[in-house]
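Student: I would like to see how this sequence folds:
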Amino acid sequence: MKHLTYFLIAAGLLLAAGCATPEARIKRNPEIFAQLSPNDQQLIREGKVALGFTPEMVKLALGDPDRVFIRTDASGTSESWSYTTYESDTGVLLYRGYYHRFYGWGDPFYPYYMSFPARREREYFKVVFSGGRVSAIERQS
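Tutor: Numbers count the residues shown, from 1 in each chain. Below you'll find the model as predicted:
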């Protein structure tokens with residue numbers, strides 16, 4: 001029984017890690033990736049986005065956003081994708097990414113991360129879409 005528990009934990013960690021990389025997302029969406037220019041493909045492999053990227057391209061590079069905001073103003077409507085991280089009060093990374101929405105399926109340490117004393121959430125990256133293309137990128141320096 002003990003070996004089965006260790007196996008399940010290891011398998012869950014591998015699954016969670018595999019979902020979190022650009023290469024894993026590219027493997028799940030090869031048809032989208034194949035249609036891109038070599039320059040865009042390289043940026044996505046590096047986990048980077050550029051102005052003009054489509055939502056599908058951003059998802060390949062960064063994964064699903066943690067939050068989506070819709071903004072309407074005098075110039076029209078835009079959509080912002082926010083990527084967040086969870087840190088201790090001293091700035092130590094506890095958890096990052098969209099997958100925290102699913103209560104850490106596959107991550108046995110998730111309950112620990114989310115109950116950590118003095119845990120704080122920090123937005124570290126934001127992508128703004130206008131007309132279905134990236135029109136702005138914000139990141140913490």
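Student: what's near enough to touch residue 134?
Tutor: With contact set as CB atoms under 8 Å, 6 or more residues apart in numbering, residue 134 has these partners: 49, 50, 51, 52, 53, 54, 58, 127, 128. The way it works is simple: take the backbone N, C-alpha and C, and place the C-beta from them, glycine included.
Student: Next one: residue 59 from residue 32, what distance?
Tutor: Going from residue 59 to residue 32 by CB to CB, to the nearest Å gives 9 Å.
Student: wait, doesn't residue 65 sit right on residue 83?
Tutor: Yes - in terms of CB atoms under 8 Å, residue 65 counts as a neighbour of residue 83; the distance is 6.0 Å.
Student: And residue 124, which helix or strand is it part of?
Tutor: Counting by DSSP states H and E, the element that carries residue 124 is strand 120-130.
Student: Would you indicate which residues of that strand are buried?
Tutor: For strand 120-130, a neighbour-count test (16 or more other CB atoms under 10 Å) marks 125, 126, 127, 128, 129 as buried.
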